[in-house]
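Chemist: Based on what follows, work out the 3D shape:
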Amino acid sequence: MVGFQVALILSLVAAPDSGAAPERIRAFCVDFNWGDKGFAAPGLYAQASPKQHFEWYRNLGVNTIQTFCVSCPGYAWYRSDVAPVQPGMNGDFLKEITELAHAQGMRVMGYFCIGANSYWNQQHPDLAHNLPSAISIPFTTEYLDYLGKIIPEALKRTGIDGFMIDWVFNASHFYPDKPYQWLECEKQMYAELFGEPWPGDDAMVPAKINEFNRRALDRCWERIRSSAKAAKPDCIIWLSCYDLQHPQVVGSKMLQEVDWLMNEHPDPAKLEQAKAAVGAHTQLIQCICGWGSGHDAAAILREPRFKDVGMYGFAKPDAQTTLPADDGSPNARNIAAMRDAFKKE
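Modeler: Presented below is the predicted three-dimensional model:
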């Protein structure tokens with residue numbers, strides 16, 4: 001998903017901790033990533049009650065909850081020693097909602113935004129581009145060390161079944177319309193990735209930049225995967241990707257090895273591209289809610305071409321209730337369509 005997840009999925013996977021036949025996952029996640037102007041300010045949704053959120057998900061008819069390990073502002077939604085904790089957080093949100101869900105036989109998935117983390121940028125201005133609420137982090141060894149600590153901690157400390165990774169793009173010259181200067185840390189990355197000194201700005205033509213970014217992404221993916229599977233071998237790594245044909249991503253090991261992959265575009269043709277891109281074991285998920293009128297959940301749920309893949313949706317919460325508003329908006333109508341479909345399962 002485009003960096004701000006709130007999730008609904010319907011996918012044929014086994015129920016957690018059971019030997020039962022596969023069931024269709026029904027899930028939703030309330031998106032704590034975003035405020036009214038860019039990433040949410042620290043503490044904006046901190047009053048969210050694990051019990052209230054769990055009951056909301058259950059009333060929606062879900063069997064899988066996707067919420068947050070660390071949201072885009074860079075603050076943890078559990079009692080972390082690695083990342084700063086969401087200021088004013090109600091209890092131990094991720095751990096408590098996971099315990100409530102597991103008691104009812106439900107799965108819980110966390111979330112990390114790999115390409116953006118406001119707190120990281122503030123603490124390490126020399127290791128990130130100054131692009132607020134955007135993909136901004138080069139995958140330096142320092143940043144990979146952070147991921148290598150925070151991912152195992154979240155898995156072990158909260159008991160989640162896995163996590164979504166979003167905006168998995170190396171930030172170097174990522175946006176064609178933005179001016180960039182090569183950071184010293186990126187020059188060091190080049191030496192590490194190519195085994196030779198930085199060749200200078202003039203040598204970094206588009207093809208060279210693409211190769212640099214592909215190698216950076218491959219190295220990042222290896223750290224994510226190895227850290228997660230070492231901490232919890234059966235954990236699910238779920239990739240959200242809004243452009244499966246991007247030069248950094250197409251043909252990558254990440255697409256072949258990831259456990260779940262979400263296609264963000266509602267066009268069935270994009271889903272066919274996703275099917276051709278992934279490994280044999282990868283579960284496909286389709287985004288059907290979150291872009292307002294850009295999604296029509298009821299129509300997608302009726303579309304035969306989507307019947308064998310998961311379904312995903314997201315919606316920003318109200319700042320006071322910390323839950324999606326039932327306000328007649330396109331997102332609210334899509335959530336209602338999901339609820340109708342879930343109740344029939």
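
Chemist: Out of the helices and strands in the chain, which is least certain?
Modeler: None of the helices or strands of the chain scores lower by mean pLDDT, DSSP states H and E than strand 12-13, at a mean of 44.

Chemist: chain center to stretch 244-253: distance?
Modeler: With CA atoms, centre = their mean, to the nearest Å as the basis, stretch 244-253 stands 17 Å off its chain's centre.

Chemist: now swap in stretch 298-305 and tell me
Modeler: Using CA atoms, centre = their mean, the offset of stretch 298-305 from its chain centre is 24 Å.

Chemist: Just the CA atoms of it, as PDB, please.
Modeler: What follows is stretch 298-305 as a C-alpha-only set of coordinates in PDB (Å, rounded to 0.1, in the frame of the first residue of the first chain):
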ATOM      1  CA  ALA A 298     -18.600  -4.300  -3.800                       C
ATOM      2  CA  ALA A 299     -17.700  -4.500  -7.500                       C
ATOM      3  CA  ILE A 300     -14.300  -6.100  -6.900                       C
ATOM      4  CA  LEU A 301     -15.900  -8.600  -4.500                       C
ATOM      5  CA  ARG A 302     -18.200  -9.700  -7.300                       C
ATOM      6  CA  GLU A 303     -15.500  -9.800  -9.900                       C
ATOM      7  CA  PRO A 304     -14.600 -13.500 -10.700                       C
ATOM      8  CA  ARG A 305     -11.000 -12.600 -11.600                       C
END
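
Chemist: quick check: mean pLDDT across that stretch?
Modeler: Across stretch 298-305, pLDDT averages out at 85.

Chemist: Which residues does it contact?
Modeler: Residues outside stretch 298-305 that contact it (CB atoms under 8 Å, 6 or more residues apart in numbering): 266, 268, 271, 286, 288, 306, 311, 333, 334, 337, 338, 341. Just so you know, the C-beta spots here come from the backbone N, C-alpha and C atoms, and that holds for glycine as well.

Chemist: The first one and residue 287: what is the separation?
Modeler: The one in question is residue 266. For residue 266, the distance to residue 287 equals 7 Å [CB to CB, to the nearest Å].

Chemist: Which neighbours do these two have in common?
Modeler: With CB under 8 Å, 6+ apart as the test, residue 266 and residue 287 both reach residue 295.

Chemist: Which is the succeeding secondary structure element to the helix or strand encompassing residue 299?
Modeler: Taking DSSP states H and E as the criterion, residue 299 maps to helix 297-302. Counting by DSSP H and E, the element after helix 297-302 in chain order, helix or strand, is strand 310-315.

Chemist: Would you mind listing the buried residues in the one helix or strand residue 51 maps to?
Modeler: According to DSSP H and E, residue 51 maps onto helix 50-60. The neighbour-count check on helix 50-60 (16 or more other CB atoms under 10 Å) flags 50, 53, 54, 56, 57, 60 as buried.

Chemist: isn't residue 114 right up against residue 163?
Modeler: No. If you go by CB atoms under 8 Å, residue 114 and residue 163 don't touch, sitting 10.7 Å apart.

Chemist: Looking at the two, which has the bigger crowd around it?
Modeler: Between residue 114 and residue 163, residue 163 has the larger neighbour count (other CB atoms under 10 Å), namely 26 against 22.

Chemist: tell me the secondary structure for that one?
Modeler: Three-state call for residue 163 (DSSP: H, G, I helix; E, B strand; the rest coil): strand.

Chemist: So what pairs up with it in the strands?
Modeler: residue 110, residue 237 (DSSP bridges).

Chemist: got the contact list for it?
Modeler: Applying CB under 8 Å, 6+ apart, the residues near residue 163 are 69, 109-112, 151, 154-155, 228, 235-238.

Chemist: and which of those residues is nearest residue 177?
Modeler: residue 112 (26.4 Å; CB to CB).
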